[in-house]
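Asker: my questions concern the predicted model and sequence given below.
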Amino acid sequence: MAYSDKVIDHYNNPRNVGQLDKSSYEVGTGLVGAPECGDVMRLQIRVNPETQVIEEAKFKTFGCGSAIASSSLATEWVKGKTVDQAMEIKNTDIVKELSLPPVKIHCSVLAEDAIRAAIGDWKKKNGVEEKTGAAVSVVAAD
Amino acid sequence: MSTTVNGTISVPAGVHLPIYMDNHATTPLDPRVLEAMMPYLTTVFGNAASRNHSFGWEAEAAVEKAREQVAKLIGATAKEIIFTSGATESNNLAIKGIAEMYRERGNHIITQVTEHKATLDTCKRLEKSGYRVTYLPVKADGLIDIEDLKRAIDDKAILVTIMIANNEIGVVQPVAEIGKLCHEKGVLFHTDGVQAVGKIPVDVNGMNIDAMSLSGHKIYGPKGVGALYVRRRNPRVQISEQINGGGHERGMRSGTLNVPGIVGLGKACEIAREDMATEAKRLGALRDKLQSKLESGLDYIHVNGSMEHRLPGNLNMSFVYVEGESLLMGINDVAVSSGSACTSATLEPSYVLKALGLGDDVAHSSIRFGLGRFNSEAEVDYVADKVIDVVQKLRELSPLYEMVKEGIDISKIEWQVH
């Protein structure tokens, strides 16, 4: 598989690798995928309770180069955004940025799922009411 | 935290990158083989079927010499060798040709689940035209249970087709036992010898093999040429031709002979016969070194398939909690293969590894190392160091490895299978 330079860059120098304190109220954790499918992503965010801005994001991923790059990029993109803004990130944006081939689109979908799952977890912990139904269903699915 | 996945292992003197360590896929042409082929790619261009001039006679003589060389490697006689375009054609010709020829005697074919697709898909095709195929399972070590085969052979059975050595995990089936059983039961035995011929001793008489496929490019010969051994006595095996035409190869395979390719295959067989014992010993030692270096440098790794019954140059290992394609990406100056879904056209993990009872997660983590004639000890050292380095770095990225290290049983987690 010929990867784009951006995928190779994220693979060689993954951004924001690590973990945040799962028990903290400021931290939301999303764990998506499955080992038997060949990819598992864990994306964590630390949200400023005052501003609702995501101040820190960390990930760890078991998966192919595209999966690693998609989750690495996701951590870069959510940082500095408010929770609501981060919910706007679409998998198609990740596909475009990393020039993912069609067979790797599922990696971007998984990264979007990871963002939503992490935000969902944070909202659940903090009892944040949902204005729309969409995010609530994501929380339930997690 | 700064993690750089690629590029911190130094390259030892004498090692040139990239390193080719995928010798089950194909092998480089031995220079001695090329030398033997050269005249037939240039000045000696005759058609081996031209019976009335010296151009044809020279070509024919070269083909007959090659036929002897191939036969000698496997204990056959020259007349029992049919040249083909490669092992896929040989498997098709043997299985379809025998099935058609012996149709009145029965319609049952017996094979096993880890065969190459050239065998499995040929069998599936025959199922569509009224044949019954039994796919024997394999044990956790990749070998069939001879008792399963015994039970499967019924009065409708006409052919057993079971490979000698597997192309992914290198395990060597109990061919002599299979041949003996088939002989006793009066069922023909075809074997796909592609990975085994030239690597380990194969004797068609000692092993009671009735038909055997082999290929040039797996034994440092050229691509596009192979052979099918077809037994001529005790019993005389008949095959219905699959390609019609000028009646070449005693009518079993029409088509102008690929003279340079055949000369190359012959030479490759001759070299293999002379060098096999020393080469097998050398490759076995290199393989063992690779394995022990990896095992001393990493935890949670294991060999897939029997170590006892295995080709000397094969090592198939799973690096658990690391996905195979991402590992290949990190060792991109080393050519190896993975059983990961992400590296396959079908996006399915290796059916061979699944047949051993390994979970998909383990298949996704597998790497096949295929050592060959031109690999050196320094290359093995470099590859081992590089794999250890990249696996360690990818495990720093792996949430699964972290969880396991923290004592979490990841099999108890309810994953969302997507």
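Answerer: Yep, that arrived.

Asker: pretty sure B:Val171 contacts B:Lys139?
Answerer: No: counting by Cβ atoms under 8 Å, B:Val171 does not reach B:Lys139; the two are 9.9 Å apart. All C-beta atoms are positioned from the backbone trio N, CA, C, and that covers glycine.

Asker: ok, the two, which is more surrounded?
Answerer: B:Val171 (28 against 15; other Cβ atoms under 10 Å in any protein chain shown).

Asker: okay, that one: pLDDT?
Answerer: At B:Val171, the pLDDT value in this model is 98.

Asker: and it, its phi and psi?
Answerer: Note on B:Val171: backbone dihedrals following degrees, to the nearest 10 are phi -70, psi 140.

Asker: can you list the weak-confidence ranges in the stretch 251-400 of chain B?
Answerer: For the stretch 251-400 of chain B, the stretches with pLDDT under 70 are B:343-347.

Asker: try it again with 80
Answerer: Within the stretch 251-400 of chain B, the ranges that satisfy pLDDT under 80 run B:341-347.

Asker: for it, just list every one of the helices.
Answerer: For the stretch 251-400 of chain B, the helices defined by DSSP state H, counting those that start in this stretch occupy B:259-297, B:324-330, B:351-355, B:360-364, B:377-396, B:399-405.

Asker: also chain A?
Answerer: Ranges of helices within chain A are A:5-12, A:65-78, A:83-86, A:91-98, A:105-126, A:133-141, based on DSSP state H.

Asker: out of these, which gets the lowest mean score?
Answerer: Mean pLDDT per stretch puts helix A:133-141 lowest among these, at a mean of 39.

Asker: residues contacting the nearest residue to B:Ala157 once chain neighbours are set aside?
Answerer: Nearest residue to B:Ala157 in three dimensions, chain neighbours excluded: B:His108, at 4.4 Å (Cβ to Cβ, 6 or more residues apart in numbering or on different chains). Residues in contact with B:His108 (Cβ atoms under 8 Å, 6 or more residues apart in numbering or on different chains) are B:Tyr131, B:Arg132, B:Val133, B:Thr134, B:Asp154, B:Lys156, B:Ala157, B:Ile158.

Asker: and if you look at B:Lys218?
Answerer: Per Cβ under 8 Å, 6+ apart, neighbours of B:Lys218: B:Asn23, B:His24, B:Thr26, B:Thr27, B:Ala87, B:Val194, B:Gln195, B:Val197, B:Gly198.

Asker: just the strands in chain B please.
Answerer: B:19-20, B:81-84, B:108-112, B:132-136, B:157-161, B:188-192, B:211-215, B:226-230, B:301-303, B:314-319, B:334-335, B:337-338, B:366-370 (DSSP state E).

Asker: so which bits of stretch A:15-28 are buried?
Answerer: A:Arg15, A:Asn16, A:Val17, A:Gly18, A:Leu20, A:Glu26, A:Val27, A:Gly28 (16 or more other Cβ atoms under 10 Å in any protein chain shown).

Asker: pick out the residue of the stretch 101-250 of chain B closest to chain A.
Answerer: Closest residue of the stretch 101-250 of chain B to chain A, Cβ to the nearest Cβ: B:Glu168 (17.1 Å).

Asker: that residue reaches B:Gly339, doesn't it?
Answerer: Yes: counting by Cβ under 8 Å, B:Glu168 sits close enough to B:Gly339 to count as a contact (6.6 Å).

Asker: more neighbours: these two, which one.
Answerer: Using other Cβ under 10 Å, the more surrounded residue of B:Glu168 and B:Gly339 is B:Gly339, with 28 against 25.

Asker: how much space between that one and B:Asn304?
Answerer: 8 Å (Cβ to Cβ, to the nearest Å).

Asker: B:Asn52 - how many residues pack around it?
Answerer: 7.

Asker: where does it fall, phi/psi-wise?
Answerer: Phi and psi for B:Asn52, reported as degrees, to the nearest 10, are phi -120, psi 20.

Asker: show the pLDDT at it.
Answerer: Looking at B:Asn52, its pLDDT stands at 95.

Asker: what's the most buried one of the helices of chain A?
Answerer: helix A:65-78 (a mean of 27; mean count of other Cβ atoms under 10 Å in any protein chain shown).

Asker: list the contacts for the nearest residue in space to B:Phe55 that is not next to it in sequence?
Answerer: Computed as Cβ to Cβ, 6+ apart, the closest residue to B:Phe55 that is not its neighbour in sequence is B:Gly46, at 3.2 Å. With contact taken as Cβ under 8 Å, 6+ apart, B:Gly46 is in contact with B:His53, B:Ser54, B:Phe55, B:Gly56, B:Trp57, B:Glu58, B:Ala59, B:Glu60, B:Val259.

Asker: returning to what we had before: can I get the strands of chain B in TSV with distance to B:Lys65?
Answerer: Shown next, in TSV, are the strands of chain B (distance: least, Cβ to Cβ, whole Å):
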stretch	distance to B:Lys65
strand B:19-20	30
strand B:81-84	12
strand B:108-112	34
strand B:132-136	38
strand B:157-161	30
strand B:188-192	25
strand B:211-215	17
strand B:226-230	14
strand B:301-303	41
strand B:314-319	31
strand B:334-335	34
strand B:337-338	35
strand B:366-370	30
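
Asker: these: which one's closest to A:Leu43?
Answerer: Of all the strands of chain B, strand B:314-319 sits nearest to A:Leu43, with 23.5 Å by Cβ to Cβ.

Asker: and the closest one with helix B:259-297, angle?
Answerer: 40 degrees (axes from the mean of the first three to the mean of the last three Cα atoms, to 10 degrees).

Asker: can you pull the pLDDT of residue 23?
Answerer: Just so you know, I chose chain A. So, for A:Ser23, pLDDT stands at 93.

Asker: that's the wrong chain, I wanted chain B
Answerer: Looking at B:Asn23, its pLDDT reads 97.

Asker: circling back to that earlier point, overlap of the contact sets of B:Glu168 and B:Gly339?
Answerer: Joint contacts of B:Glu168 and B:Gly339 (Cβ under 8 Å, 6+ apart) are B:Asn316, B:Ser350, B:Val352, B:Leu353, B:Arg368.

Asker: how near is the closest residue in space to the second one that isn't next to it in sequence to A:Ala2?
Answerer: The reference is to B:Ser350. The shortest distance from B:Ser350 to any non-neighbouring residue, by Cβ to Cβ, 6+ apart, is to B:Gly339 (3.2 Å). Distance check for B:Gly339 against A:Ala2: by Cβ to Cβ, it reads 21 Å.

Asker: which one of the strands of chain B lies closest to B:Thr42?
Answerer: Closest approach to B:Thr42 among these (Cβ to Cβ): strand B:81-84, 20.6 Å.

Asker: so whatever residue of the stretch 151-300 of chain B ends up closest to chain A versus B:Ser318, what's the distance?
Answerer: Closest to chain A within the stretch 151-300 of chain B is B:Tyr300: 12.4 Å, counting by Cβ to the nearest Cβ. Separation of B:Tyr300 from B:Ser318 (Cβ to Cβ) stands at 9 Å.

Asker: with neighbour numbers in mind, choose between these two.
Answerer: It is B:Ser318, of B:Tyr300 and B:Ser318, that has more neighbours when counted by other Cβ under 10 Å, with 24 against 16.

Asker: got a list of what the more buried one touches?
Answerer: Applying Cβ under 8 Å, 6+ apart, the residues contacting B:Ser318 are B:Ile301, B:His302, B:Asn304, B:Leu353, B:Leu358, B:Val362, B:Ala363, B:Ser365, B:Ser366, B:Ile367.

Asker: pipe the helices of chain A into TSV and attach distance to chain B per row.
Answerer: Formatted as TSV, the helices of chain A follow (distance: least, Cβ to the nearest Cβ, whole Å):
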stretch	distance to chain B
helix A:5-12	5
helix A:65-78	4
helix A:83-86	20
helix A:91-98	13
helix A:105-126	7
helix A:133-141	8
